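*Asks:* 3D, please:
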Amino acid sequence: MKQLILRSGKYLFFFVLVLLLSLSCNEIDSQIPDVPVAFQVSLITHNELTVPGNSVYFPGPGFGGLIIYCEMEGSYYAFDAACTNEINSSCRVDSKGATGTCSCCESQFIFIGGSVVKGPASAPLKQYNVSRFGDMLRVYN
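*Replies:* Below you'll find the model as predicted:
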């Protein structure tokens, strides 16, 4: 009986280990290089970001610049503007409202989740964290 319990414990440990490894392998790693991002933007200066459905491109931060999108009042998304198909800082996603188009390969992305709408790109845009403090947005990784 003791051997059966030990054998069951080993199988359970092995099963949990395989499960954890398989879950970590399913994560989608961004193909865009990691660069430190700590960017702040004033909603007073950039009041177009207070209107739901608007997006603004900011050159400089991130690998290819940043796109900040206002989904609805108080709900923001931030993405690296580098296309996931053309991975270089000169091929950037031009933002227009809730969507963006790569200037090089013409892949189209939607800014709710950064998903590809039309390829050749197959990976979503690299997303950054956004926090709001009063009239300031903080974008960071």
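*Asks:* Let me see the ranges of the strands in this protein.
*Replies:* 38-42, 55-58, 66-72, 75-80, 93-96, 99-102, 108-110, 116-118, 127-133, 136-140 (DSSP state E).
*Asks:* how far is the last one from where the chain is centred?
*Replies:* Relative to the mean C-alpha coordinate of its chain, strand 136-140 is positioned 14 Å out (C-alpha atoms, centre = their mean, to the nearest Å).
*Asks:* Quick one: mean pLDDT for it?
*Replies:* Averaging pLDDT along strand 136-140 gives 97.
*Asks:* For that strand, which strands pair with it and how are they oriented?
*Replies:* strand 38-42 (antiparallel), strand 127-133 (antiparallel) (DSSP bridges).
*Asks:* So which residues make contact with it?
*Replies:* In this structure, residues lying in contact with strand 136-140 by C-beta atoms under 8 Å, 6 or more residues apart in numbering are 37-43, 49, 61, 66, 68, 76, 78, 128-132. Yep, even glycine has a C-beta here, placed from its N, CA and C like the rest.
*Asks:* Ok, which of the strands of the chain comes nearest Glu86?
*Replies:* Of all those, strand 99-102 sits nearest to Glu86, with 6.1 Å by C-beta to C-beta.
*Asks:* Val116 pairs with what?
*Replies:* Counting by DSSP bridges, the residues bridging with Val116 are Phe109.
*Asks:* and the gap between Val93 and Phe133?
*Replies:* For Val93, the distance to Phe133 equals 27 Å [C-beta to C-beta, to the nearest Å].
*Asks:* more neighbours, the two?
*Replies:* Per other C-beta atoms under 10 Å, whichever of Val93 and Phe133 has more neighbours is Val93, with 30 against 8.
*Asks:* Test my guess that the more buried one contacts Ile67.
*Replies:* Yes. Counting by C-beta atoms under 8 Å, Val93 touches Ile67, with 6.5 Å between them.
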